[in-house]
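K.L.:
Provided below for reference: sequence and predicted model.
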Amino acid sequence: MSQETLAEKVDISITHMSHIENANTKLSLPVFIAIAEALEVQLDSLVYGESPYTLNSSMKEIAEVLESCTASQAKVIADIVKTTKQSLDAYL
């Protein structure tokens, strides 16, 4: 996402966004939250970096696996995921 687009989504000026990116200004909590929402990420991933165990990273990994599957393989994987999720819900 470009700096201009992000600034527009957050409703701040491009100059302010630039100052935030270059650590030349203090970042208010409302603007920090707005940036996270605009980027569709969790606040902690902006602070600590993306954990390899986030839902978003897991979904990307699954999508990469499915891209190389045939329709039949994808169906089997979907069934496995559904059954596994049901077991997790029942026992955890």
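P.N.:
In hand now; what should we look at?

K.L.:
any idea of the mean pLDDT in the helix or strand containing Lys85?
P.N.:
Secondary structure assignment for Lys85, by DSSP states H and E: helix 71-91. Mean pLDDT, helix 71-91: 95.

K.L.:
try stretch 32-45
P.N.:
88.

K.L.:
and the contacts of that stretch?
P.N.:
1, 6, 9-12, 20, 46, 50-51, 54, 56 (C-beta atoms under 8 Å, 6 or more residues apart in numbering). For glycine as for every other residue, the C-beta is placed from the backbone atoms N, C-alpha and C.

K.L.:
buried ones in it?
P.N.:
34-36, 38 (16 or more other C-beta atoms under 10 Å).

K.L.:
just to revisit the earlier point, who touches the helix holding Lys85?
P.N.:
Residues contacting helix 71-91 (C-beta under 8 Å, 6+ apart): 62, 65-66, 69.

K.L.:
burial count for Ala7?
P.N.:
Ala7 has 20 neighbours, counted by other C-beta atoms under 10 Å.

K.L.:
on that earlier part again, can you put the contacts of helix 71-91 in CSV and add distance to Lys26 and secondary structure?
P.N.:
Formatted as CSV, the contacts of helix 71-91 follow (distance: C-beta to C-beta, whole Å; DSSP: H, G, I helix; E, B strand; the rest coil):
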residue, distance to Lys26, secondary structure
Ile62, 39, helix
Val65, 42, helix
Leu66, 43, helix
Cys69, 48, coil
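
K.L.:
tell me the SS of Ala38?
P.N.:
Three-state assignment for Ala38 (DSSP: H, G, I helix; E, B strand; the rest coil): helix.

K.L.:
for Thr5, same thing?
P.N.:
Taking three-state DSSP, the label given to Thr5 is helix.

K.L.:
how about the contacts made by it?
P.N.:
With C-beta under 8 Å, 6+ apart, Thr5 has no contacts at all.

K.L.:
when you give positions from now on, start the count at 48
P.N.:
Done: numbering now begins at 48, and the last item shifts to Thr52.

K.L.:
any idea how far it is from Ile61?
P.N.:
Thr52 sits 10 Å away from Ile61, going by C-beta to C-beta, to the nearest Å.

K.L.:
brilliant, that's me finished.
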